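A.B. asks: For reference, the sequence and a predicted model appear below.
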Amino acid sequence: MRTRLTAAALTAAALLALSACSSDTRYTTDDCAAAITDTSTKTDRPTECANVSDDDYETLLLGHLLKHEGLDNLDESPGDLLDYAEDGTVDQ
């Protein structure tokens with residue numbers, strides 16, 4: 001009886017230790033998006049983006065660049081897109 005209780009307690013302790021260790025090192029795409037800066041490139045990723053797939057990272061990087069250029073909230077009218085193409089600014 002005592003052996004079973006000890007084995008169950010050791011198994012539970014090992015599972016808790018393993019789950020606690022893995023949660024600290026895993027980053028999400030939200031962490032990656034927050035870590036991307038103007039110096040981030042396709043090959044020079046922030047540490048938070050190490051576990052993110054290549055396609056997801058490229059999408060996040062493109063989203064950051066669009067936001068930085070002010071193109072993330074354009075109205076969906078062709079006039080705005082043409083205006084930006086002509087002089088690089090958006091008249092709002």
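C.D. replies: Structure's in. What do you need?
A.B. asks: mind listing what's buried in the helix or strand hosting residue 57?
C.D. replies: Using DSSP states H and E, residue 57 sits in helix 54-69. For helix 54-69, the neighbour count (16 or more other Cβ atoms under 10 Å) marks 57, 60-61, 64 as buried. Every residue, glycine included, has its C-beta placed from N, CA and C.
A.B. asks: for the protein, what spans make up the helices?
C.D. replies: Listed in chain order, the helices of the chain (DSSP state H) span 2-25, 29-35, 54-69, 78-87.
A.B. asks: who's in contact with the shortest one?
C.D. replies: If you take Cβ atoms under 8 Å, 6 or more residues apart in numbering as the criterion, helix 29-35 is touched by 46-49, 52, 56-57, 60, 63-64.
A.B. asks: make it 6 Å
C.D. replies: Under the criterion Cβ atoms under 6 Å, 6 or more residues apart in numbering, residues 46, 48-49, 52, 56, 60 lie in contact with helix 29-35.
A.B. asks: Tell me the one of those nearest residue 37?
C.D. replies: residue 46 (7.4 Å; Cβ to Cβ).
A.B. asks: how many neighbours does residue 49 have?
C.D. replies: Neighbour count of residue 49, defined by other Cβ atoms under 10 Å: 21.
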